[in-house]
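1. Starting from these lines, generate the structure:
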Amino acid sequence: MLETLTSLPWWAYLLFILLVIALWDILQRRHTILHNYPLVGHLRYLIEKIGPEMRQYIVADNREELPFNRRLRSWIFASAKKDNNYKGFGTDQNIHEPGYIFIKPALLAMQLPASHPHSVGNTEHPQHHTLPAAKAIGLYHGRRRPYRPRSVVNISAMSYGSLSAKAVESLNRGSLKFGNYHNTGEGGLSPYHQNGADVVFQVGTAYFGVRDNDGNFSLEKLVKMVEENPFIRMVEVKLSQGAKPGKGGVLPAKKITDEIAEIRNVPKGEDVVSPPYHEEFSDVPGMVDFIETIAQATGLPVGIKAAVGKLEMWQELAEIMIKTDRGPDFITIDGGEGGTGAAPPSFSDHVALPWVYGFSRVYTIFQKANLTDRITFIGSGKLGFPAHSIMAFAMGADLINVARESMMSIGCIQAMICHTNRCPTGVATNSKWLQAGLDPTLKSERFANYLTTLTKEIIEISHAASYEHPCQFTMEDVDIAMGDNNQTSCLTDNYGYSKDPVKFDGMKHLLDCPHLGGKSTLVLPEEATA
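-> Predicted coordinates for the structure are as follows:
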């Protein structure tokens, strides 16, 4: 029999294997297509599986896809690699479509002295691409360690576990090179967040990393963490996120490694549920007490992050801040279009307002209460492109947080399978094999390049509008196309308010600030060994 088997040609074995598969298809009852069309039916599932990738590169137009079309992705990829990210022959966008952004340049652009860090002839200046926040966070409330972010563009909240270890390390090391801050997300402070960049520690509803063995919030653990890690510059209390506002999450048992269990202080072998609410408070006054408790214990600025829907509690928060002179140092508004992880389509598609609507409604509440000078407003939700960033600054945002744009700069190809643990580029997976091709040394450089290009264009657009800093943009400086009537309308007319002026005393004042973060407070690894 052995001699007979070894003498058979290769196609006989192939025929036998196909026959077995065909019999299996006919006998199984789970898939009607396979039963009715044995062997051939597998092609249907293969095409369905690779369909998004096929459409992404072959079928879809440059401006057609969502959430990020090919043109936007290509700009990020080229910027990260220092390739040519210019375009020729004019715009290929439909500039008359509703919502199209027009930024108004001045008749004469800003003329800077030759010694200015941002001068076009001063490209070798070490701060040529440094653009600090116009507001120092925590000064008004007298926090012991106020913080002025060194960059107006920073990394939005993405947890280790949602992103791979190498992805988190790449982003953190890239932030160290550029000088911006890195938000940990609610998954706790991992070793991969500790490569030297400024860090914003996020406290989520499950209190990962700062919880006791029963899952309750531990102020002692948070204080100890901050004391042992001085690169933690702010604390953000997450109330909700754009991907799934008002809904908790589940960390499946199979994804909980020894390392993740230790970082999050959760048991192995069982699912861990993040509730949709905080156990430490149940109303707005309680939330303010929680914020002040953390701020007093750590000395750090403390803020909140939320997607926007109903406005009653936002109004209550503004009233409390007026009466008590207490409350968050910063507010991060997450657009309903955001999300880097898994979420039910009903939540990601329909729950919470898009960023422009949510931010404008919250901003006006605090504006009417004369509180805008006390709060730093942070925007998050597809704002990691120059024109969208400028629009956000014009509407009242002081800082921009970017998430998916950051992922794409280190290799994400928008495969849309973040929730499956099969990310082909190793960015959003715990698979050791899939992460193997992601080199933090290279990818951190690419992330820093993306930040540099984005900041460079924000600076240049500001100068084109005759401003030194994007905080000087007003809502009259940006128009929105209204559609078929071929008219445009400025942001003020669209959203019914005018942004409050932001105090700005010149770039030198920002760069000389004793609370400036980033490279000014750090020793780079190469400097430490020099």
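2. what residue lies at the spatial centre of the chain?
-> By CA atoms, centre = their mean, the chain has its centre lying nearest to Ala403, at 2.2 Å.
3. for stretch 187-207, how far is the first residue from the last?
-> End-to-end span of stretch 187-207 (CA to CA, to the nearest Å): 8 Å.
4. I misspoke; the intended subject was stretch 360-380.
-> End-to-end for stretch 360-380, by CA to CA: 13 Å.
5. Now that stretch: buried residues?
-> For stretch 360-380, burial by neighbour count (16 or more other CB atoms under 10 Å) applies to 360-367, 371-372, 374-380. For the C-beta atoms, the positions are set from N, CA and C on the backbone; glycine is no exception.
6. again with stretch 20-33
-> Residues of stretch 20-33 classed as buried by neighbour count (16+ other CB under 10 Å): Asp25.
7. related to what we said a few turns ago, can you pull the pLDDT of the residue nearest to the centre of the chain?
-> Turning to Ala403, the model gives it a pLDDT of 91.
8. Now do the same for the closest residue to Glu292 other than its chain neighbours: helix, strand or coil?
-> Among residues not flanking Glu292 along the chain, Arg326 sits closest, at 5.4 Å (CB to CB, 6 or more residues apart in numbering). Three-state assignment for Arg326 (DSSP: H, G, I helix; E, B strand; the rest coil): coil.
9. now swap in the one 5 residues further on and tell me
-> Following three-state DSSP, we place Ile331 in the strand state.
10. ok, it to Met482 distance?
-> 30 Å (CB to CB, to the nearest Å).
11. who's more crowded, the two?
-> Ile331 (23 against 17; other CB atoms under 10 Å).
12. Write down the beta-bridge partners of the more buried one, one by one.
-> For Ile331, the beta-bridge partners are Ile304, Phe377 (DSSP bridges).
13. these two touch, right, it and Arg374?
-> No: between Ile331 and Arg374 there is no contact under CB atoms under 8 Å: 10.5 Å.
14. What segments of the protein are strands?
-> If DSSP state E is used as the criterion, the strands of the chain fall at 101-103, 153-155, 181-183, 198-203, 232-238, 249-251, 272-274, 302-306, 330-334, 376-380, 399-402, 478-481, 488-490.
15. which ones are touching the closest residue to Arg44 other than its chain neighbours?
-> Distance criterion CB to CB, 6+ apart; nearest residue to Arg44, sequence neighbours excluded, is Ile33 at 5.7 Å. Counting by CB atoms under 8 Å, 6 or more residues apart in numbering, Ile33 touches Gly41, Arg44, Tyr45.
16. which of these are buried?
-> Applying 16+ other CB under 10 Å to these, the neighbour count classes Gly41 as buried.
17. tell me which of the contacts of Ile33 is nearest to Leu434?
-> Checking the contacts of Ile33 against Leu434 with CB to CB, the nearest one is Tyr45 at 21.3 Å.
18. Report the contact partners of the closest one.
-> Counted by CB under 8 Å, 6+ apart, Tyr45 has contacts Ile33.
19. pLDDT at Arg55, what is it?
-> On pLDDT, Arg55 comes in at 64.
20. any low-confidence regions in the stretch 101-250 of the chain?
-> Within the stretch 101-250 of the chain, the segments meeting pLDDT under 70 span 242-250.
21. now the helices for it?
-> Ranges of helices within the stretch 101-250 of the chain are 165-178, 219-228, based on DSSP state H, counting those that start in this stretch.
22. Compare those and report which one is nearest to Leu438.
-> Minimum separation from Leu438 across the helices of the stretch 101-250 of the chain (CB to CB) falls at helix 165-178, 4.4 Å.
23. what's the closest one packed up against?
-> Here helix 165-178 touches strand 153-155, strand 181-183, helix 404-409, helix 432-435, helix 440-464, going by 3 or more CB pairs under 8 Å, 6 or more residues apart in numbering; DSSP states H and E.
24. What is the neighbour count of Lys499?
-> Lys499 has 25 neighbouring residues, counting by other CB under 10 Å.
25. Distance check, the closest residue to Glu316 other than its chain neighbours against Asp325.
-> Once flanking residues are discounted, Glu316 sits nearest to Val284: 4.6 Å by CB to CB, 6+ apart. As judged by CB to CB, Val284 and Asp325 stand 15 Å apart.
26. so Ile76 sits right up against Phe447, yeah?
-> No: counting by CB under 8 Å, Ile76 sits too far from Phe447 to count as a contact (10.2 Å).
27. which of these two has more neighbours?
-> Comparing Ile76 with Phe447 by other CB under 10 Å, the one with more neighbours is Phe447, at 30 against 25.
28. who's in contact with that one?
-> Going by CB under 8 Å, 6+ apart, Phe447 touches Ala80, Ser170, Leu171, Gly174, Ser175, Phe178, Ser406, Ser409, Ile410.
29. coming back round to it: which residues are common contacts for Ile76 and Phe447?
-> Contacts common to Ile76 and Phe447, judged by CB under 8 Å, 6+ apart, are Ser409.
30. picking that back up, of the helices and strands packed on helix 165-178, give the one that comes closest to Leu15.
-> helix 432-435 (32.4 Å).
31. Give me the contact list for that closest one.
-> Residues outside helix 432-435 that contact it (CB under 8 Å, 6+ apart) are Ser164, Ala165, Lys166, Ala167, Arg422, Cys423, Pro424, Thr425, Gly426, Thr429.
32. which among those residues gets closest to Arg29?
-> Lowest distance from Arg29 to the contacts of helix 432-435 (CB to CB) belongs to Arg422, with 26.7 Å.
33. what's the neighbour count on that closest one?
-> As a burial measure, Arg422 scores 12 neighbours (other CB under 10 Å).
34. Contacts only, for the closest residue to it other than its chain neighbours.
-> Distance criterion CB to CB, 6+ apart; nearest residue to Arg422, sequence neighbours excluded, is Thr429 at 6.4 Å. When contacts are counted by CB under 8 Å, 6+ apart, Thr429 touches Ser164, Asn421, Arg422, Cys423, Gln435.
35. Relative to Thr420, how far out is Thr429?
-> Distance of Thr429 to Thr420, computed by CB to CB: 8 Å.
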